[in-house]
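> build me a structure from this.
(one chain, ligands or ions: 1)
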Amino acid sequence: MVHLTHNDLDAVGADAIHRMRYGEIFTVFSSVGTFPQLFQRIAGVAGRGHLLSISDLGYQQGIEKAAEKAVSNGWRIEWRDHHRWEDEEVQRIRGKVGVLHVDTELCACGIVARDLLPHDGRALEVAEVVCDYDLWKNRDPRAAILARVLTREENREYVRDCLIRGIFSDERIEQQFHEIDREMQAMIDRSMRDARIYENKYRIAFTPLYGHPSETAYALRERYRSDIEIIVSPSGRFSIRSVPPISHLIARQFRGGGHPHAAGGNFSFNLIDRAIFWLFKRTRHFNRLAKVANSI
Ligand SMILES: [Mn+2]
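Numbers count the residues shown, from 1 in each chain. Sure, this is the predicted structure:
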């Protein structure tokens, strides 16, 4: 089987549980932005009755075409997610896939555990630790440590293999955590220096991404008392965090989506946009986004 999933702690937990249940599988970790492309590419391969399990990735415009293509190419699809789906979006996918479980009360890893290993104590513990972080409960310090360690892609499979064995911390995880923490602080300081504040209906802080969007957004909010934080990568992809529950609504206007308080979109920079943003740390797209936020 193939597991197509996101690239954060929730996804890594979901992958660990898939492996507890199915043994060796082929995993594709994907950003939200590259998900449609990867889904299309897998859909183009002959599935021969194999299972394509999708987790922690939400609906995106036109994605039903990839689902149709996959099914017509012989894949069986199971899709488990906890992002917000419109009823209409559920309708477009349900019927094309074998399983579609969307539940915003759990993390994706929690949905996977409930479906694949409902009576397995180890799987449930992984889901509990992951959900603690993913749903911003933050009662279990092990979760935040693992999430930070996973900001380095090279730790992904190591952490996943630990989770499979029910291990949540060891010397390597601790050491990685402290190293990343120091590096992260330097990146956040840089983002703070380059921040631009737009003030209208909401106070919006825009800044270039140097790494760690969530932590950068949090630091911006602390310092500038912003309502909305937009962290923009050199390509124009951006992360959005917001106090009012409108992140996903803004992101949808920019080829993205996500949660009410955390989402991602894309300004789709052209070459000139990229150059200007690199030089001046601002772009005409900031105005566009501020207008969209105002209208919500
Ligand atoms: Mn998730």
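> wait, residue 49 touches residue 71, no?
No: using Cβ atoms under 8 Å as the test, residue 49 is too far from residue 71 to be in contact (11.2 Å). (Glycine included, C-beta is placed from N, CA and C.)
> between those two, who's got more neighbours?
Ranked by neighbour count (other Cβ atoms under 10 Å), residue 49 and residue 71 place residue 71 first, with 17 against 8.
> now that one: how far from the ion?
From residue 71 across to the ion, the span is 25 Å (Cβ to the ion, to the nearest Å).
> can you name the next helix or strand after the helix or strand hosting that residue?
Element membership for residue 71, per DSSP states H and E: helix 63-72. Beyond helix 63-72 on the C-terminal side, the first helix or strand identified by DSSP H and E is strand 76-81.
> which other residues reach that next one?
For strand 76-81, contacts defined as Cβ atoms under 8 Å, 6 or more residues apart in numbering pick out 14, 47, 49-59, 67, 70-71, 93, 96-102, 108, 111-112, 115.
> which stretches of the protein have low pLDDT?
136-138 (pLDDT under 70).
> re earlier: so what does the helix holding residue 71 touch, helix or strand wise?
helix 35-43, strand 76-81, helix 87-93 (3 or more Cβ pairs under 8 Å, 6 or more residues apart in numbering; DSSP states H and E).
> angle of that helix against strand 76-81?
In terms of direction (axes from the mean of the first three to the mean of the last three Cα atoms, to 10 degrees), helix 63-72 departs from strand 76-81 by 150 degrees.
> picking that back up, mind putting the helices and strands packed on helix 63-72 into JSON lines with mean neighbour count and distance to the ion?
Output for these, formatted as JSON lines (neighbours: other Cβ atoms under 10 Å; distance: least, Cβ to the ion, whole Å):
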{"stretch": "helix 35-43", "mean neighbour count": "18", "distance to the ion": "13"}
{"stretch": "strand 76-81", "mean neighbour count": "22", "distance to the ion": "8"}
{"stretch": "helix 87-93", "mean neighbour count": "14", "distance to the ion": "17"}
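> JSON lines for those, including distance to residue 226?
Shown next, in JSON lines, are the helices and strands packed on helix 63-72 (distance: least, Cβ to Cβ, whole Å):
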{"stretch": "helix 35-43", "distance to residue 226": "28"}
{"stretch": "strand 76-81", "distance to residue 226": "29"}
{"stretch": "helix 87-93", "distance to residue 226": "30"}
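> out of those, nearest to residue 22?
When those are compared by Cβ to Cβ, strand 76-81 sits nearest residue 22, at 11.5 Å.
> each with direction, which strands does that closest one pair with?
strand 51-55 (parallel), strand 99-102 (parallel) (DSSP bridges).
> how far does it sit from its chain's centre?
Centre-to-centre, strand 76-81 and its host chain are 17 Å apart (Cα atoms, centre = their mean, to the nearest Å).
> could you give the angle of it to helix 35-43?
160 degrees.
> next one: residue 236 from residue 272, what distance?
12 Å (Cβ to Cβ, to the nearest Å).
> when these two are compared, which one has more neighbours?
Ranked by neighbour count (other Cβ under 10 Å), residue 236 and residue 272 place residue 236 first, with 18 against 10.
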